[in-house]
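In: Here is my input, please return the structure:
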Amino acid sequence: MASTRIAVTGSTGNIGRAVAAHLDETGTRMRLVVRDPARAPTGARDVVQASYGDLEAATAALRGADVLFMVSASESADRLTQHRTFVDAAVAAGVRHVVYTSYLGAAPNATFTLARDHWATEQYLRESGMAWTFLRDSLYLDFLPTLADEDGVIRGPAGDGRVGAVARADIARSAAAVLAGVDAHAGRTYDLTGPEAMTLSEVARTITDVTGRATTYEEETVEQAYASRRKYEAPAWQLDAWVSTYTAIAAGELAAVTDAVQQLTGAAPLSLAELLAPGSHQA
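Out: Residues are numbered from 1 along each chain as shown. Next comes the predicted model:
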C-alpha cells in the first residue's frame, strides 16, 4: 500500500477528519478533497477544492488517487444526484476503489427515508466498474444525547424498538483499518454497530446516570411527531427523515449488533456509557 494515494472526503467533519488523522499517523499518501480549504485540518499537505456536485472540479481533484474514501454528502433534497456525479468523477479520474459510508439497512424500501438514498448510491457504485467497500453505519452514538430537547426529553415514535448505535470514533477507526489494506475488503459490506442495542428509554436513563442531566423518553404517535416538528418549517423530505429516524427504530431496522468494529480494528466498540464518561475519546 506504500504507493497508494487515498483521496479522503469529509475531512472538515467529524468522521473524515478522524480518518485523515489515523491515516496521517501511518504516513499514508493522502489527498483531502474539501469544499472549503480554509476548514481543512491544520498541517494537511495535499488539499484540493471540489464539491460532490461539480463534475469537472471533482474529476480534477480525484485524478491521481487510487482509492477514494467517500463520506456521504450532507442531507439535502439532491444528495443522490450529488453522489452520482461524484462517482462519475471518480470513474473519469481513474480511481480504482471506493470505500463509502452508507447506512445500516440501506434498501429501496427502508423505513428511514435517507437510507434509500444510500442504497441507490451503493447500486450506482456496484455498476461503476470500480471496486467498492460499504461501511453501513448504524445511528451515531454521539447523536443520541442531542435528541433530548431543552427540557431533557427525547420525543418520538420509536416505541420499544432498539438501536445498536455506533460511535463516530469507531466508524473512523474501522474506515482507517479498511483503507490500510483496501484490496482485502473489495466487494465487502460491513454493518458497523455499537456493543448493545438500546431502547430510547434506556438511552435516556444512561444519559441521566452518567452525566447527571435528567433525561427521559416520551412516546409520540407519528402524527404527533410531524406536528411537533412543523414549527421548524423544514421541507417535507427533511420532516420525513426526522420522523423516520424514530419509526425505523420502532420497526426494528436498527436493532442489529455486530462484531464488525472488533473484527476490523481489534478493539471493542464504545458503549453509550463509555462515550459519555468524562475523558472519553471521541471522533
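
In: Just confirm Thr111 contacts Ala251, I think it does.
Out: Yes. Applying CB atoms under 8 Å as the test, Thr111 and Ala251 come out as touching, 4.8 Å apart. Quick note: C-beta positions are derived from backbone N, CA and C, even for glycine.

In: For this protein, which segments count as helices?
Out: Using DSSP state H, the helices of the chain run over 14-25, 55-62, 79-93, 113-126, 168-180, 200-211, 222-229, 236-250, 260-265, 272-276.

In: which stretch among those comes nearest Val8?
Out: helix 14-25 (5.1 Å; CB to CB).

In: May I see the helices of the chain organised as TSV, with mean pLDDT, distance to Gly152 and mean neighbour count added?
Out: Shown next, in TSV, are those (pLDDT from 0 to 100; distance: least, CB to CB, whole Å; neighbours: other CB atoms under 10 Å):
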stretch	mean pLDDT	distance to Gly152	mean neighbour count
helix 14-25	94	24	20
helix 55-62	98	43	19
helix 79-93	98	32	20
helix 113-126	98	27	20
helix 168-180	97	23	23
helix 200-211	98	8	18
helix 222-229	97	16	15
helix 236-250	97	17	20
helix 260-265	98	29	18
helix 272-276	97	14	19
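
In: And those: which comes nearest Val71?
Out: Between Val71 and the helices of the chain, the shortest separation by CB to CB is 4.9 Å, and it involves helix 14-25.

In: Does Ile47 touch Asp36 like I think?
Out: Careful, residue 47 is Val; it's not Ile. No. Contact criterion CB under 8 Å: Val47 and Asp36 do not qualify, at 10.1 Å.

In: Now do Gly27, the pLDDT please.
Out: Reading off the confidence values, Gly27 has pLDDT 88.

In: In TSV: the helices of the chain, plus distance to Leu192.
Out: Formatted as TSV, the helices of the chain follow (distance: least, CB to CB, whole Å):
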stretch	distance to Leu192
helix 14-25	11
helix 55-62	25
helix 79-93	19
helix 113-126	13
helix 168-180	6
helix 200-211	18
helix 222-229	27
helix 236-250	16
helix 260-265	5
helix 272-276	15
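
In: Looking at those, which is nearest to Ser138?
Out: Ser138 sits nearest to helix 168-180 of all the helices of the chain, at 9.1 Å, using CB to CB.
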